[in-house]
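Asker: sequence first, predicted coordinates after that:
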Amino acid sequence: MKKSILLLAGLTLWLSACVPQDSTNSNSYTQEQLAVLQVLNGTFVSDADPNTIIIIESYSEPKKIVFGEEKFTYVHGEMLNPDDLSLSIYFIISDDGETFTMFGTGFIDDEPFNKFILYDIVIVSNSSFKTTDLILASCSNSFSKTS
């Protein structure tokens, strides 16, 4: 019985340590997030493919969005792909400003769709940034702000 209680306590401690404890659940940003968000606002074109255009709007404070039945997350901005308006695409910047999480929600063929994609993000200048997919490390892209 003691082993079971210790195992249960250890499992509970381990699970609670895995839950992110960051400012994405509050109404404020870290300085690192603010530095990234100052760049991520406007219309950007992919340096690799000029046909890939995204429009990014950063929020002045984290916004709570609900997806699924009772799930929610706090997001830092919204993205539009002018070629595909069927999904709502949001993004989250990690507290240290080094990870960009893209979150798509909506319906595809009348089926609910919710997907998170993680990227490393590097701010190159006040008008450009580079992302690298954390799953497919060879998949990276640079974006520059259009006039």
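Answerer: Arrived safely, thanks for sending.

Asker: quick one: the helices in the chain, in order.
Answerer: Along the chain, counting by DSSP state H, helices occupy 2-18, 31-39.

Asker: comparing the ones you listed, which gets the lowest mean pLDDT score?
Answerer: Confidence, taken as mean pLDDT, is least for helix 2-18 of those (a mean of 33).

Asker: residues near residue 79, how many?
Answerer: 18 (other Cβ atoms under 10 Å). The way it works is simple: take the backbone N, C-alpha and C, and place the C-beta from them, glycine included.

Asker: and for stretch 51-67, what's in contact with it?
Answerer: 23-29, 37-38, 40-46, 72-83, 90-91, 105, 114, 141, 143, 146 (Cβ atoms under 8 Å, 6 or more residues apart in numbering).

Asker: which one is the residue nearest the centre of the chain nearest to, not counting chain neighbours?
Answerer: Residue closest to the mean C-alpha point of the chain, counted by Cα atoms, centre = their mean, is residue 101 at 2.2 Å. In space, residue 101 comes closest to residue 92 once its chain neighbours are excluded; the distance is 4.3 Å by Cβ to Cβ, 6 or more residues apart in numbering.

Asker: the one you found reaches residue 76, doesn't it?
Answerer: Yes: between residue 92 and residue 76 a contact is recorded at 5.5 Å, counting by Cβ atoms under 8 Å.

Asker: when these two are compared, which one has more neighbours?
Answerer: Using other Cβ under 10 Å, the more surrounded residue of residue 92 and residue 76 is residue 76, with 24 against 20.

Asker: picking that back up, residues in contact with the residue nearest to the centre of the chain?
Answerer: By Cβ under 8 Å, 6+ apart, residue 101 lies in contact with 91-94, 116-119.

Asker: filter these down to the buried ones, PyMOL style.
Answerer: Those of the contacts of residue 101 that count as buried under 16 or more other Cβ atoms under 10 Å are selected in PyMOL with:
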select buried, resi 91+92+93+94+117+118+119
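
Asker: okay, strands next: where are they in the protein?
Answerer: Along the chain, the stretches classed as strands by DSSP state E are 42-46, 53-67, 71-81, 84-93, 99-108, 111-125, 128-133, 140-145.

Asker: flag the shaky bits of the protein, pLDDT-wise.
Answerer: For the chain, applying pLDDT under 70 flags the ranges 1-26, 68, 82-85, 135-141, 147.
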